[in-house]
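Chemist: Test case, fold it:
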Amino acid sequence: MTTIKHFKNENVKIEISKKEFYEFIAATNNLKRTIDTAQETNDLWLSDVKNLEELKWKLTELLGLTFDRDTWGYVQNTTEE
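Modeler: Residues are numbered from 1 along each chain as shown. Below is the predicted model:
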């Protein structure tokens, strides 16, 4: 389970489980392979696009982000749990 703590000194601490940690290692390796393919072929496979999409969702979840339609980008989630 991911925990995000905001401190008064402007630091942010993110705690993740070992399982999540290893999932991020796998996602990082997928990202590396995707970049390698794009550099070597000047093209992307649909499976590479899927890997990029999965990494995007993992990062938005890890960082507690929500999509803001006004800025058309991700912002910090301000809702209380």
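
Chemist: pull the CA atoms of stretch 55-65 into CSV?
Modeler: In CSV, the C-alpha atoms belonging to stretch 55-65 read as follows (Å, rounded to 0.1, in the frame of the first residue of the first chain):
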residue,chain,number,x,y,z
LEU,A,55,3.8,3.2,-16.2
LYS,A,56,1.8,6.4,-16.4
TRP,A,57,-1.0,4.9,-14.3
LYS,A,58,1.5,3.5,-11.8
LEU,A,59,3.1,6.9,-11.4
THR,A,60,-0.2,8.7,-11.1
GLU,A,61,-1.3,6.3,-8.4
LEU,A,62,2.1,6.4,-6.6
LEU,A,63,2.1,10.2,-6.5
GLY,A,64,-1.6,10.5,-5.6
LEU,A,65,-2.4,12.5,-8.8
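
Chemist: and it, how far from the chain's centre?
Modeler: Distance of stretch 55-65 from its chain centroid, counting by C-alpha atoms, centre = their mean, to the nearest Å, is 4 Å.

Chemist: Give me the phi and psi for Glu10.
Modeler: Torsion angles at Glu10 (phi, psi; degrees, to the nearest 10) stand at phi 80, psi 10.

Chemist: Next one: it relative to Thr71, how far apart?
Modeler: As judged by C-beta to C-beta, to the nearest Å, Glu10 and Thr71 stand 22 Å apart. (Each C-beta comes from the backbone N, C-alpha and C, glycine too.)
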